[in-house]
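Need a 3D model of the sequence below.
(chains A, B, C and D)
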Protein chains: 2
Amino acid sequence: MKNNCSLCDYKSAAAQKLTPDELKNLAPNCVTVKFKKGDTIIRQGTYSTNVAYLKKGLVKIHIDGPYHVQVVRIVKPRNYLGLPTTFGDKINQYSVTAIDESEVCFIDITTFRQMLQMNPDFTNQIMLELCKSELESYQKCVNRTQKQIRGKLADVLLDFADNIFKADTFTINVTQEDLGNLVDASRESVSRVMAEFSKDGIIEMKGKQVKILDKTSLQLISKKG
Amino acid sequence: MKNNCSLCDYKSAAAQKLTPDELKNLAPNCVTVKFKKGDTIIRQGTYSTNVAYLKKGLVKIHIDGPYHVQVVRIVKPRNYLGLPTTFGDKINQYSVTAIDESEVCFIDITTFRQMLQMNPDFTNQIMLELCKSELESYQKCVNRTQKQIRGKLADVLLDFADNIFKADTFTINVTQEDLGNLVDASRESVSRVMAEFSKDGIIEMKGKQVKILDKTSLQLISKKG
DNA sequence: GTTTTTTTGTGATGTAAATCACATTAATTT
DNA sequence: AAATTAATGTGATTTACATCACAAAAAAAC
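Presented below is the predicted three-dimensional model:
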């Protein structure tokens, strides 16, 4: 589907720095594609020929590790998916899969590079995002390797509530196995800890819907447990 | 110590893209500082006011985690230390400590931003490095969380030999505790595994000097163990 | 609406590695 | 050189999870 980028309601912070002319030039060089739950958006090991940008929906970024899959993170709209690959390596180092119905805008790499070349404000914003995400990934790695499962699951639930869904009741469209891969735990352990949280009145579960009842406990567990 | 950047023998890949004029302008806006083993170069939690660039020596980047310190990585010369902080956050998210006598060039942040604003080739190179390091840190995180200690230690030894020292005999100026923090293991476990590697004739240890005798085994352990 | 597949729940068992507790050696300091 | 302090080596014990092995429930396919 062809775009009119100037009128796009989902512009990235970086794209908002583009001039009307630059936006006009961008439009014929990007396409929006819809994905259904479970669809692969980017596949690890394949060539990266476009910059991908998430307009709507929810996706997971995941890497095939030596033993299991690791879900690196869940990404919400208005974020680029895989910028580092675009510049750092021609081959995708990770996969991206839709976990809800999603819309992704694929931008031609040459056009993207031109924008970087021409517009320092755009570049600056992109660099800012790159840096932030790198810092975040350092922090996440420390948490992943040092906290134990209860703490990591508490983190994830808080992240969903505060950052992704911005609501204390939400529906996570991923399996417990996915959650396990997100916190480096087995699906059995996720099941047990979630049951424990329910029993302790910290959360309430109805199928895939989660309601956070006691955020303070969750924050405590995130820190101490 | 004031610099003459034009004549500097340790220019980064990015700085090599600068024009003579830009280099001349850079010189009065950066200082080179020497550090001894154990000296703190950047301290987590403090304000970042400069871009740091490693000219000589060897340093470790480390983060205070919820339970222990995590050594994120060992960095060798001609690399920026903490670029992400410079843009992503004003407060240093990690510490950098010299593990050998080192020389670090501190570049004024405003000057650095000017160079980014003015010289797209410079910017491009910086972005490339940012992206590569982000991809690398994803991969490292997967390894850290999935491999077991023998595999992770094998990785580290191979990294030292192949990337850092570029020799099969080298002296690692860090304690086993540091190595533990680098592979997320206790110092006792590091001691045990290193002893095991020695016994099996894979490496030879004389104090802090390590000689790799059987790289093939090490590569195998890195993959399978 | 039945069947098949996927996802979840829960106990029993196994295990890698942490922790604890010292002994020993090496490196600094005085 | 002697005295501290820091770094290592090694066994015994504990532990947080993984893994295994099913059963039950839910979702998807037919």
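
next SSE after whichever strand or helix holds A:Val71?
Of the helices and strands defined by DSSP states H and E, A:Val71 is found in strand A:69-75. Read in the C-terminal direction, the helix or strand following strand A:69-75 is strand A:79-81, with elements assigned using DSSP H and E.

Remind me what that next one packs against, helices and strands.
Counting contacts by 3 or more Cβ pairs under 8 Å, 6 or more residues apart in numbering or on different chains; DSSP states H and E, strand A:79-81 is packed against strand A:50-56, helix A:120-146. In short, each C-beta sits where N, CA and C put it, glycine included.

what lines up beside the strand holding A:Val71 in the sheet?
Take DSSP bridges as the rule and strand A:69-75 pairs in its sheet with strand A:59-64 (antiparallel).

Name the residues of the strand it pairs with that are buried.
Neighbour counts over strand A:59-64 (16 or more other Cβ atoms under 10 Å in any protein chain shown) mark A:Val59, A:Lys60, A:Ile61, A:His62, A:Ile63 as buried.

residue contacts, the fourth one?
Going back to what we said before, that points to A:His62. With Cβ atoms under 8 Å, 6 or more residues apart in numbering or on different chains as the criterion, the residues that contact A:His62 are A:Gln44, A:Val69, A:Gln70, A:Val71, A:Val72, A:Tyr94, A:Ser95, A:Val96, A:Thr97, A:Asn181.

Show me the contact partners of the helix-or-strand element of chain A with minimal mean pLDDT.
The helix or strand of chain A with the poorest confidence is helix A:83-88; it has a mean of 81 (mean pLDDT, DSSP states H and E). Applying Cβ under 8 Å, 6+ apart, the set of residues contacting helix A:83-88 from outside is A:48, A:51, A:91-94, A:109, A:112, A:126, A:129-130, B:127-128, B:130-132, B:134-135.

ChimeraX command to pick out the buried ones of those?
In ChimeraX, this line selects whichever of the contacts of helix A:83-88 come out buried by 16+ other Cβ under 10 Å:
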select /A:48,51,92,93,94,109,112,126,129,130 /B:127,128,130,131,134,135
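
Of the contacts of helix A:83-88, which ones also sit close to DNA strand C?
The subset of those within reach of DNA strand C, counting by Cβ under 7 Å from any atom of the strand, is empty.

For B:Lys147, see how far away the residue nearest to the spatial centre of chain A is.
By Cα atoms, centre = their mean, chain A has its centre lying nearest to A:Val75, at 1.6 Å. Here the criterion is Cβ to Cβ, to the nearest Å. By it, A:Val75 lies 26 Å from B:Lys147.

go on, A:Gln209?
36 Å.

Any regions of chain A where pLDDT drops low?
Within chain A, the ranges that satisfy pLDDT under 70 run A:1-2, A:225.

Next, work out how far apart the residue in it that DNA strand D sits nearest to and DNA strand C are.
Residue nearest to DNA strand D within chain A: A:Gln148 (2.2 Å; Cβ to the nearest atom of the strand). From A:Gln148 over to DNA strand C the distance is 10 Å, taken as Cβ to the nearest atom of the strand, to the nearest Å.

A:Gln219 now?
The spacing between A:Gln219 and DNA strand C, counted by Cβ to the nearest atom of the strand, is 22 Å.

neighbours around that residue, how many?
By other Cβ atoms under 10 Å in any protein chain shown, 13 other residues sit near A:Gln219.

circling back to that earlier point, for the residue nearest to the centre of chain A, what are its contacts?
A:Val75 sits in contact with A:Leu54, A:Leu58, A:Val59, A:Lys60, A:Ile61, A:Leu81, A:Val96, where contact means Cβ under 8 Å, 6+ apart.

again, only using 7 Å
Residues in contact with A:Val75, defined by Cβ atoms under 7 Å, 6 or more residues apart in numbering or on different chains, are A:Leu54, A:Val59, A:Ile61, A:Leu81.

B:Asp159: which of these is nearest?
Each of the contacts of A:Val75 was scored against B:Asp159 by Cβ to Cβ, and A:Ile61 proved nearest at 24.7 Å.

Kindly report the residues of chain A close to DNA strand D.
Counting by Cβ under 7 Å from any atom of the strand, the positions of chain A adjacent to DNA strand D are A:Tyr67, A:Gln148, A:Ile149, A:Arg150, A:Gly180, A:Asp184, A:Ala185, A:Ser186, A:Glu188, A:Ser189, A:Gly207, A:Lys208.

right, and the fifth one touches A:Val190 too?
Okay, so that is A:Gly180. Yes: applying Cβ atoms under 7 Å as the test, A:Gly180 and A:Val190 come out as touching, 4.7 Å apart.

ok, so what distance separates the closest residue in space to A:Phe35 that isn't next to it in sequence from B:Leu153?
Ranked by Cβ to Cβ, 6 or more residues apart in numbering or on different chains and with sequence neighbours excluded, the top spatial neighbour of A:Phe35 is A:Ala98, at 4.1 Å. Using Cβ to Cβ, A:Ala98 is found at 38 Å from B:Leu153.

Between the two, which is the more surrounded one?
Taking neighbours as other Cβ under 10 Å, A:Ala98 and B:Leu153 compare with B:Leu153 leading, 27 against 22.

Helix, strand, or coil at that one?
For B:Leu153, the reduced secondary structure class is helix; criterion used: DSSP: H, G, I helix; E, B strand; the rest coil.

For the nearest residue in space to it that is not next to it in sequence, give me its contacts.
Take B:Leu153 and drop its neighbours on the chain: the residue closest to it by Cβ to Cβ, 6+ apart is B:Val193, 5.3 Å away. Contacts for B:Val193 (Cβ under 7 Å, 6+ apart) come out as B:Ile149, B:Arg150, B:Leu153.

Distance to A:Asn4 for those residues - can I get that in JSON lines?
As requested, these are arranged in JSON lines below (distance: Cβ to Cβ, whole Å):
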{"residue": "B:Ile149", "distance to A:Asn4": "55"}
{"residue": "B:Arg150", "distance to A:Asn4": "56"}
{"residue": "B:Leu153", "distance to A:Asn4": "55"}
